[in-house]
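Student: coordinates for the following, if possible.
(3 chains)
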Amino acid sequence: MLAKPKSEAELLQRAQSLAGFSLGELAQREGFSIPKNLKREKGWGGQLIEWCLGASAGSKPIQDFPELGIELKTIPIDSQGKPLESTYVCITPLCQVTGLTWHSSNVYNKLSRVLWIPILAERQIPVEQRVVATPLLWSPSAAQEQLLREDWEELMDMIAFGQIEQITARHGQVLQLRPKAANNKARTDAIGPNGQIIQTLPRGYYLKTRFTAELLRQHFQL
DNA sequence: GGATGATCATCC
DNA sequence: GGATGATCATCC
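Tutor: Down below sits the predicted model:
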């Protein structure tokens, strides 16, 4: 693995140097084996890019580059530059949520500064032929942060009031809550309708595609 | 089980 | 065709 980047500028420069390479070329260079598809290795591309950029956090619930305060996200796009998937942010706590605030949340922490690495990854393109595109170092605008905060506060309120089972992916303007588990039999503690502890499917926060499409568009087409 | 990395597969 | 709900690999 490469040494950790020492500055934001160095990280961005390194990310820019990946643009134009295919995942197959990078995998070969770094000694990664290449899966035929991502059905069984959904995180493969993200882990390859982490390796290429010297990310260090592993599976700890912190930013990928804690010293730089930067989170790394690969994002699959089509040839028009539109995201093909929503973007996973982090799991959500479902109990012991009193006292949590937006600024103390993992969502805020992870999204405060993100290095986006778009990858041309339409499903018909073989994995090794998918191409890394121009990176974008992003922080939410005041307006974007307001939307994120409103959604987060609404969803955390519902969780705190025992309404987790009423939440669907349709809630939220830009941020949504969806299952995040090995399968739909997974269970974790949550607050029930009468304040008791219940068992429910673990959920995670995701950025809706419309939101990431707009942020990419703003930076690449204006 | 819970955290990381996400995409898959089905439904509308 | 796009979004929702379901799922996969790995680490500890």
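
Student: residue farthest from the centroid of chain A?
Tutor: residue A:194 (32.7 Å; Cα atoms, centre = their mean).

Student: just checking, it touches residue A:162?
Tutor: Yes - taking contacts as Cβ atoms under 8 Å, residue A:194 lies within contact range of residue A:162: 6.8 Å. From N, CA and C alone the C-beta is placed, and that goes for glycine too.

Student: roughly how far does residue A:61 sit from residue A:22?
Tutor: Per Cβ to Cβ, to the nearest Å, residue A:61 is found 31 Å from residue A:22.

Student: neighbour-wise, which of these two wins?
Tutor: Legend: neighbour count by other Cβ atoms under 10 Å for residue A:61 and residue A:22, higher for residue A:22 (18 against 10).

Student: and that one, how far is that from DNA strand C?
Tutor: Separation of residue A:22 from DNA strand C (Cβ to the nearest atom of the strand, to the nearest Å): 22 Å.

Student: go on, residue A:40?
Tutor: Relative to DNA strand C, residue A:40 is positioned 4 Å away (Cβ to the nearest atom of the strand).

Student: list the contacts for the residue farthest from the centre of chain A?
Tutor: Counting by Cβ atoms under 8 Å, 6 or more residues apart in numbering, residue A:194 touches residue A:162.

Student: that one looks like it's in a helix, true?
Tutor: No - if the criterion is DSSP: H, G, I helix; E, B strand; the rest coil, then residue A:194 is coil and not within a helix.

Student: and the pLDDT at it?
Tutor: On the pLDDT scale, residue A:194 is placed at 96.

Student: next, give phi and psi for it.
Tutor: Note on residue A:194: its backbone torsions stand at phi -110, psi 20 [degrees, to the nearest 10].

Student: same thing with residue A:189?
Tutor: phi -70, psi 140.

Student: pretty sure it sits against residue A:202.
Tutor: No - Residue A:189 sits out of contact with residue A:202 when judged by Cβ under 8 Å, with a separation of 9.8 Å.

Student: common neighbours of those two, please.
Tutor: residue A:94.

Student: nearest spatial neighbour of residue A:63, skipping sequence neighbours?
Tutor: residue A:71 (4.6 Å; Cβ to Cβ, 6 or more residues apart in numbering).

Student: nope, residue A:215 is what I meant
Tutor: residue A:138 (6.2 Å).

Student: quick check: that neighbour vs DNA strand C, distance?
Tutor: 20 Å.

Student: next one: residue A:62
Tutor: Separation of residue A:62 from DNA strand C (Cβ to the nearest atom of the strand): 14 Å.

Student: and the pLDDT for that residue?
Tutor: 89.

Student: ok so it is a helix residue?
Tutor: No - counting by three-state DSSP, residue A:62 is not found in a helix; it is coil.

Student: and the longest helix along chain A, how far out from the chain middle?
Tutor: Determined from DSSP state H, the single longest helix within chain A is helix A:142-160. With Cα atoms, centre = their mean, to the nearest Å as the basis, helix A:142-160 stands 17 Å off its chain's centre.

Student: same for that helix, what does it pack against?
Tutor: Applying 3 or more Cβ pairs under 8 Å, 6 or more residues apart in numbering; DSSP states H and E, one finds that helix A:142-160 makes contact with helix A:106-111, strand A:175-179, strand A:188-191, helix A:209-220.

Student: which one of these lies closest to residue A:131?
Tutor: Nearest of those to residue A:131, taken as Cβ to Cβ: helix A:209-220 at 15.1 Å.
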